[in-house]
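Chemist: Could you look at this predicted model? Sequence included:
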Amino acid sequence: MNWESIDEVIHECMKAQLLVHEDWEDYLTFKRKMYHMKNTKMRDVLADEELHGYILSYRRFLLKEMGKGRLPVFEDMPGVSFRIKTQNSLEYKIRKYGSGMKERGAVPLANCVNDLYGMRIILDEEAVTYDELKAHIVPLGLKCIDSSNGDYKAVHVYISNPDYEWRSYVFRWELQIWLRRDAAGNYISHTRDKEYYTVWEQDVLEREGKA
């Protein structure tokens, strides 16, 4: 296993995230307070319009940063893709976790709004396992979990520079690491999840009289 490509992606993401966060801090000056990602709960998002707007503003800020070329995209690396979460998908996640469907809305912001900027790398390695990937990444000081569930097989890494003093106020970014042998099943799983989301969105529109 050539670990250098994984390390390069992770370290470049950490550097870019810190630069983006510094710009975000400047943007927030005299405008809004910052929120602690672990102490703030998802139910708070539904109850606090300012907090809700804070999250949406960060998403819009990411779009601007991408336009400036400030986000890592790794266009020269095969198997790496990226995206900024759509607002509708974000709203779905906020309602799902904030309305008490899990832990009565007590899920920390850090554990839910952690993929506004998402990247995916698909490895062609045949011999490596997800346990080996996790064992390599965890010592870097990052949260890394085996997110395998059913047809979906992957390790998810949550980017938040461990050396940054104010990391608890930083929106995490998500890096999904797939193995090529699992890619077909993972795409099917993503399509199925999107169908669930589409049904939810249609239901919301009907209840709000917009369909």
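Modeler: Good, I have the coordinates.

Chemist: Please list all residues in contact with K41.
Modeler: By C-beta atoms under 8 Å, 6 or more residues apart in numbering, the contact list for K41 reads 105-109. C-beta coordinates here come from the backbone N, C-alpha and C atoms, glycine included.

Chemist: So which of those residues wins on neighbours?
Modeler: L109 (25 neighbours; other C-beta atoms under 10 Å).

Chemist: Would you mind measuring from it to E165?
Modeler: Distance of L109 to E165, given as C-beta to C-beta, to the nearest Å: 19 Å.

Chemist: what do you get for R59?
Modeler: 25 Å.

Chemist: same deal with G185?
Modeler: Taking C-beta to C-beta, one finds G185 at 41 Å from E165.

Chemist: Look at those two and report which has more neighbours.
Modeler: Legend: neighbour count by other C-beta under 10 Å for G185 and E165, higher for G185 (14 against 7).

Chemist: Quick check on the closest residue to the more buried one other than its chain neighbours: phi, psi?
Modeler: Leaving out its chain neighbours, the residue that sits closest to G185 by C-beta to C-beta, 6 or more residues apart in numbering is D151, at 4.3 Å. Here is the backbone geometry of D151 (degrees, to the nearest 10): phi -70, psi -20.

Chemist: all strands of the protein, in order?
Modeler: 80-84, 117-123, 143-146, 155-159, 173-179 (DSSP state E).

Chemist: which ones are touching L71?
Modeler: 16, 20, 62, 65, 82, 117.

Chemist: which of the residues you listed tops the neighbour count?
Modeler: Y117 (27 neighbours).

Chemist: what about the residue lying closest to it once chain neighbours are set aside, neighbour count?
Modeler: The shortest distance from Y117 to any residue other than its chain neighbours is 4.4 Å, reached at W173 (C-beta to C-beta, 6+ apart). Per other C-beta under 10 Å, the neighbour tally for W173 reads 24.

Chemist: W173 reaches H156, doesn't it?
Modeler: No - using C-beta atoms under 8 Å, W173 is not in contact with H156; the gap is 10.8 Å.

Chemist: Keeping just the C-alphas, turn stretch 113-126 into CSV.
Modeler: The C-alpha trace of stretch 113-126 is given here as CSV (Å, rounded to 0.1, in the frame of the first residue of the first chain):
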residue,chain,number,x,y,z
VAL,A,113,-22.8,19.1,10.1
ASN,A,114,-19.5,17.6,9.2
ASP,A,115,-19.7,17.1,5.5
LEU,A,116,-20.5,20.5,4.0
TYR,A,117,-17.4,20.1,2.0
GLY,A,118,-16.9,16.5,1.1
MET,A,119,-14.2,14.6,-0.8
ARG,A,120,-13.9,11.0,-1.9
ILE,A,121,-10.9,9.0,-2.9
ILE,A,122,-11.2,5.6,-4.5
LEU,A,123,-8.2,3.3,-4.1
ASP,A,124,-7.3,0.6,-6.5
GLU,A,125,-5.4,-1.4,-3.8
GLU,A,126,-6.5,-5.0,-3.5
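
Chemist: ok, A154 to C144 distance?
Modeler: Distance from A154 to C144, by C-beta to C-beta: 11 Å.

Chemist: Repeat that for S5.
Modeler: 16 Å.
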